[in-house]
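Undergrad: below are the sequence and a predicted model for it; my questions follow.
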Amino acid sequence: MIKTCGLILISAIACGAQGAGIDEVRVDSGTLKGLNAEGVRAFKGIPFAAPSIGENRWRAPQPVVPWKGARSAAAYGSDCMQLPFPGDAAPLGNKPAEDCLYLNVWAPVERHSTKLPVMVWIYGGGFVNGGTSPAVYDGTHFAKSGVVLVSFNYRVGRFGFFAHPALTREDPNALLGNYCFLDQIAALKWVQKNIARFGGDPGNVTLFGESAGGASVLTMMTTPLARGLFQKAIVESGGGRSLLGPMRRIHESAPNLPSGEAVGVAFAEKAGIKGDDAAALAALRQLPAERVVDGLNMASMGNPTYSGPMIDGKIVVESSEQAMLGGRAMNIPVMAGANSSDIGFSFAKSMDELFAPFGANREKAQAVYNPDKSTEFRKIGLVVAMDRMMVEPARFVVRTAAAAGQPAYEYRFSYVAESLRKQWNGAPHATEIPFVFDTVAARYGKDLAPADEAAAKAAIAYWVAFAKTGNPDGEGRPHWPRYTAADDELMNFTNSGPVAEHDAWKARLDLTEAAQGK
């Protein structure tokens, strides 16, 4: 039954890009009823796992129970349970809830004779915040560029990372602790099973993410459980080394690093729950979701009752750095980079303390980072910390991939929106996202300038080209050279447009590289 474009539609094809309508797709668990408008089909709030509540709290994602009839896919599902962070660069559009394992798909209305490349987005938020509902993550412009875009929610905070002796006792052979990464793997498996129904090619999937999402991409590249689930990777400000420090192990403690189980016991005791038997686990699973959050967000990540990602031996066997150095990462095309005023944490209380980690290269580091002999150690410390946490690790990723023979491309995002150039000397953490998604109108509103729109068109074009071919190059835009350590060239997204150049920060990054691990 098909009616005119302004009325009810059962088939989106009837109206194409002329108007909005209803669009139905059958996936492995049932029929979805999405929307199409302006040439893009959008399906939101698609369950890729059973609700992670009750007995499914702190369990690997369970299969979706098939539904009958057509399920509405017109609105986002709930973002995962968390305490939203007021300063978040991508504020949530939905109220968080523990039942949150949903994903979204954007695809062109126009049918193609060949399957389209797929891009799968992993949001950031320090593994304690984030979701798919922020307006800057809308996949419309990727779909308009000939890509099928998928975004998905994953459990964060203590819902995503939690270990306890009672969980181990319940099933010692289970996949334990890193439920966040299990959610990501489940979403990627859903894509393999279902994305062809939306016109996507399951054999041409690019996984990309920013910050914790970028670190997740690296984890997916190095976990044995994600082999074959994607073919290309983009790491945006995702580090590449240890980020906030070494990961703890689930069962064994290390000096100054309690085990994940010890951290879980500390949380349970704070909640008034003792023991490691089934009754203790049942009490933990019955805690209100707000009590599990317990004030945790990006402002309180150093919490002694929160473990963060852990080495569990099955999901996460080693750090991504160890896997890459050992040749155990996926051998696929990689793009990685960081922003020109990216994030970093310095706790040095003096210049001496700041430059001590450079060891024998201390004087060289002082000359490179502080040529004017400033006494502002906090200001200089932020640059040193940024290089250590984000910029040098991004170079490490592409350099290591290139050495293994993989196509590798490095970028630096330096573009600052016109309205903010008097406030910012460079591009802060996460500010590349609305340019990559071409959602700058949602981010900057009335302050949006033509130059901002042009920068977004350039960024998304490179990202789409990489997804299509494994090479970001294309007609009509500056050439992006493949990375080699000898040339050390990257694409710098400047206020004047993209510029391929030898890395101007090479000297300081070489010193940072030498100091890593000290």
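TA: Alright, I've got the coordinates.

Undergrad: now do the contacts for the residue nearest to residue 227 when sequence neighbours are not counted.
TA: Leaving aside its chain neighbours, residue 227 sits nearest to residue 330 (6.9 Å; criterion: C-beta to C-beta, 6 or more residues apart in numbering). C-beta here means a position set from N, CA and C on the backbone, and glycine is covered the same way. Going by C-beta atoms under 8 Å, 6 or more residues apart in numbering, residue 330 touches 221, 222, 226, 227, 233.

Undergrad: test for you: state the pLDDT assigned to residue 1.
TA: For residue 1, the pLDDT comes out at 32.

Undergrad: these two touch, right, residue 389 and residue 345?
TA: Yes: contact status for residue 389 versus residue 345: in contact at 7.0 Å, counting by C-beta atoms under 8 Å.

Undergrad: more crowded one of the two?
TA: Neighbour totals were compared for residue 389 and residue 345, and residue 389 leads with 24 against 11 (other C-beta atoms under 10 Å).

Undergrad: spit out the contact partners of the more buried one.
TA: Counting by C-beta under 8 Å, 6+ apart, residue 389 has contacts 239, 243, 342, 343, 344, 345.

Undergrad: who touches stretch 366-384?
TA: The contact list for stretch 366-384, computed with C-beta under 8 Å, 6+ apart, reads 344, 346, 348-351, 353-355, 365, 507-508, 511-512.

Undergrad: what about it, start to end distance?
TA: With C-alpha to C-alpha, to the nearest Å applied, stretch 366-384 spans 10 Å between its terminal residues.

Undergrad: residue ranges with poor pLDDT in the stretch 101-250 of the chain?
TA: Within the stretch 101-250 of the chain, no range satisfies pLDDT under 70.

Undergrad: again, 80 this time
TA: In the predicted model of the stretch 101-250 of the chain, residues 243-245 satisfy pLDDT under 80.

Undergrad: with adjacent residues omitted, what lies nearest to the residue nearest the centre of the chain?
TA: Centroid-nearest residue in the chain, with C-alpha atoms, centre = their mean: residue 213, separated by 1.5 Å. In this structure, residue 213 finds its nearest non-sequential neighbour in residue 122, 3.6 Å apart by C-beta to C-beta, 6+ apart.

Undergrad: and the one you found, how many neighbours does it have?
TA: 27.

Undergrad: that one pairs with what?
TA: Applying DSSP bridges to residue 122 gives these bridge partners: residue 209.

Undergrad: surely it touches residue 185?
TA: No: counting by C-beta under 8 Å, residue 185 is not a contact partner of residue 122; they are 11.5 Å apart.

Undergrad: so how far is stretch 151-163 off the chain centroid?
TA: Taking the mean of its C-alpha atoms, stretch 151-163 sits 13 Å from the chain's own mean (C-alpha atoms, centre = their mean, to the nearest Å).

Undergrad: let me redo that: stretch 98-110
TA: 16 Å.

Undergrad: pull out the buried residues from that stretch.
TA: 98, 99, 100, 101, 102, 103, 104, 105, 106, 107, 108, 109 (16 or more other C-beta atoms under 10 Å).

Undergrad: closest one of those residues to residue 37?
TA: residue 109 (8.8 Å; C-beta to C-beta).

Undergrad: what's the spacing between the nearest residue to residue 283 once chain neighbours are set aside and residue 280?
TA: Nearest residue to residue 283 in three dimensions, chain neighbours excluded: residue 273, at 4.7 Å (C-beta to C-beta, 6+ apart). According to C-beta to C-beta, to the nearest Å, residue 273 and residue 280 sit 6 Å apart.

Undergrad: got it, and residue 335?
TA: Distance of residue 335 to residue 280, computed by C-beta to C-beta: 46 Å.

Undergrad: between those two, which is the more surrounded one?
TA: Neighbour count, other C-beta under 10 Å: between residue 335 and residue 280, residue 335 has more, with 30 against 19.

Undergrad: what separates the more buried one from residue 128, distance-wise?
TA: Relative to residue 128, residue 335 is positioned 26 Å away (C-beta to C-beta).

Undergrad: which residues in the stretch 401-518 of the chain form strands?
TA: Using DSSP state E, counting those that start in this stretch, the strands of the stretch 401-518 of the chain run over 408-413, 489-494, 497-502.

Undergrad: tell me which of these is the most buried.
TA: strand 408-413 (a mean of 26; mean count of other C-beta atoms under 10 Å).

Undergrad: about what we covered before: next up, phi/psi of the residue nearest to residue 283, please.
TA: Dihedral pair for residue 273: phi -110, psi 120, per degrees, to the nearest 10.

Undergrad: check residue 207 too.
TA: Dihedral angles (degrees, to the nearest 10) for residue 207: phi -100, psi 130.

Undergrad: quick one, what contacts the nearest residue to it once chain neighbours are set aside?
TA: Excluding the flanking residues, the one nearest residue 207 by C-beta to C-beta, 6+ apart is residue 230, at 4.3 Å. Contacts for residue 230 were tallied using C-beta under 8 Å, 6+ apart; they are 120, 188, 205, 206, 207, 220, 332.

Undergrad: in strands only, show me those residues.
TA: Under the assignment DSSP state E, these contribute 120, 205, 206, 207 to strands.
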